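Asks: fold the following and give me the result.
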Amino acid sequence: MVSTAQDSAPEETPLSTVTPVPGPTTGPPRAPRRSLRGRRIVGLVLLLAALVAGALLSVAVGAKPIPPGVVWDALVRPDLSLEDHIVVRSLRIPRTVLGLVAGAALGLSGALIQGHTRNPLADPGLLGVNAGAAFLVVIGIYLFGVTDPLGYVWFAFAGAAAASVAVFVLGSVGRGGATPVTLALAGSAISALLGALTSAVILVDVATLDAYRFWAVGSLAGRDGEVLTNVVWFLGAGALMALASAPALNALSLGDDVARSLGHSVRRTRVLGIVAITLLAGGATAACGPIAFVGLVVPHIVRTFTGPDYRWLLPASALSGAVLLLVGDVLGRVLVRPGELQVGIVLALVGAPFFIHLVRRRKMVNI
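Replies: Modelled structure (predicted):
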């Protein structure tokens, strides 16, 4: 049977049903990328503006009222024979700088730990950083009579580092090596053990409890420039390692197998990540005491405009952490004048309800 031209010709597809293939001439697929990039840039600019405003507030506002003109004179034309100038130059400026650095470190370490464990509820304390720091601070007070913040720094940092190493070693036991699940389980176990040991020491010695509780509440007050000088090198090294690991974290978020296929060493990335978290969170905890909430919630806040790309998420988390810690510290100075509420308490009071609100409204972005 001979086919006619009409029989063999394909059916004509209406133009209205043809789906255009995305290419260089199709506009809509590029719009979301341009919109996301613009949102990221705007978000970073707003964070920088908020950071400047928070730093100015931290210098200008305190338990002791100082007129803005006097604050300005203390900044540009200091006269150390005046009491107000001494307060601004010797107390508020070092405190503000410490808040900037410690807040950035906590925000950055929070984004790192959530990325490495793929756990949206993780914070730096999950690796035992806070528990290790607290335990060695208690040992320093109980056995060596350490009573000043400068002395706490080295004990706290050593404890944080030792706890992180123990967590990684325990989490690496087994055929699969260190995984997000094993690290989280090992961190929980180490934190529980160290917490119990810390409680045992402070319960048998009241003097140790009295000294420890002022450090454990988390505060920027009473820390001079020497405290920051001792930890800033660790914080700087941790920040550089964290920012350099952003491409590898993007690959890890797709799964270990995908990361390996893209040429990344999963083990090396995790080791460097844990070292960076230890340096950042351990240094900030050593300088200020354990401050909760910053590393937990900050990454969720910035993901609303950065998305899951760690090349944008990490610097935005650092800026947002610094802003949050400075604003919380300023609130603590003015809420109970002429006294002062420690920033750790302020962030716990404000942060816990806010985080519950985020969870209930389902605004937590999947990692």
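
Asks: contacts for stretch 337-348?
Replies: For stretch 337-348, the surrounding residues in contact (CB atoms under 8 Å, 6 or more residues apart in numbering) are 63-64, 99, 217-221, 288-294, 324-325, 328-329, 331-333, 335. No exception for glycine: its C-beta is placed from N, CA and C like everyone else's.

Asks: mean confidence for that stretch?
Replies: For stretch 337-348, mean pLDDT is 88.

Asks: ok, stretch 207-215 next?
Replies: 86.

Asks: would you mind listing the buried residues in it?
Replies: Under the neighbour-count criterion of 16 or more other CB atoms under 10 Å, stretch 207-215 has T208, L209, A211, Y212, W215 buried.

Asks: please apply the same query to stretch 305-315.
Replies: F305, T306, D309, Y310, W312, L313, L314, P315.

Asks: could you tell me the end-to-end distance of it?
Replies: End-to-end span of stretch 305-315 (CA to CA, to the nearest Å): 13 Å.

Asks: repeat for stretch 255-275
Replies: The first residue of stretch 255-275 is 21 Å away from its last residue (CA to CA).

Asks: which outside residues touch that stretch?
Replies: By CB under 8 Å, 6+ apart, stretch 255-275 touches 112, 115-116, 127, 164, 167-168, 177-179, 183, 238, 241-242, 245, 247-249, 251-252.

Asks: in CSV, list the buried residues of stretch 207-215 along with distance to A192 and secondary structure.
Replies: As requested, these are exported to CSV (distance: CB to CB, whole Å; DSSP: H, G, I helix; E, B strand; the rest coil):
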residue, distance to A192, secondary structure
T208, 21, helix
L209, 20, helix
A211, 24, helix
Y212, 19, helix
W215, 21, helix
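
Asks: out of these, who's nearest L108?
Replies: Nearest to L108, judged by CB to CB, of the buried residues of stretch 207-215 is W215 at 22.5 Å.

Asks: which stretches in the stretch 51-200 of the chain count as helices?
Replies: Counting by DSSP state H, counting those that start in this stretch, the stretch 51-200 of the chain has helices at residues 68-76, 83-86, 93-117, 129-144, 149-172, 180-204.

Asks: can you tell me which of these is most buried?
Replies: helix 93-117 (a mean of 27; mean count of other CB atoms under 10 Å).

Asks: how far off centre is that one?
Replies: 4 Å (CA atoms, centre = their mean, to the nearest Å).

Asks: how about stretch 338-348?
Replies: Centroid separation between stretch 338-348 and its chain, computed with CA atoms, centre = their mean, is 19 Å.

Asks: quick check: end-to-end length of that stretch?
Replies: With CA to CA as the measure, the ends of stretch 338-348 fall 21 Å from one another.

Asks: quick one: buried residues of that stretch?
Replies: In stretch 338-348, counting by 16+ other CB under 10 Å, buried: E340, L341, Q342, V343, G344, I345, V346, L347, A348.

Asks: ditto for stretch 269-286
Replies: In stretch 269-286, counting by 16+ other CB under 10 Å, buried: 269-270, 272-286.

Asks: between the two ends of stretch 109-126, how far is it?
Replies: Start-to-end, stretch 109-126 (CA to CA) is 11 Å.

Asks: what's the answer for stretch 211-227, then?
Replies: Start-to-end, stretch 211-227 (CA to CA) is 18 Å.

Asks: over to stretch 197-216?
Replies: End-to-end distance of stretch 197-216: 15 Å, with CA to CA as the criterion.

Asks: contacts only, for L279.
Replies: Residues near L279 by CB under 8 Å, 6+ apart: F234, L235, A237, G238, M241.

Asks: excluding its backbone neighbours, what's nearest the fourth one?
Replies: What it means is G238. If the residues on either side of it in the chain are set aside, G238 comes closest to L279, at 3.1 Å by CB to CB, 6 or more residues apart in numbering.

Asks: centre of the chain to the helix or strand containing the one you found, how far?
Replies: Assessed by DSSP states H and E, L279 sits inside helix 266-288. For helix 266-288, the separation from the chain centroid amounts to 11 Å (computed by CA atoms, centre = their mean).

Asks: tell me the mean pLDDT for that helix?
Replies: The average pLDDT within helix 266-288 is 92.

Asks: if we can go back for a sec, can I get the buried part of the contacts of stretch 337-348 as one ChimeraX selection?
Replies: Buried subset of these, written as a ChimeraX selection, criterion 16+ other CB under 10 Å:
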select :99,217,218,219,220,221,288,289,290,291,292,293,294,324,325,328,329,331,332,333
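
Asks: now intersect the contacts of stretch 337-348 with the helices, please.
Replies: Members of the contacts of stretch 337-348 lying in helices (criterion: DSSP state H): G99, C288, V294, L324, L325, G328, D329, L331, G332, R333, L335.
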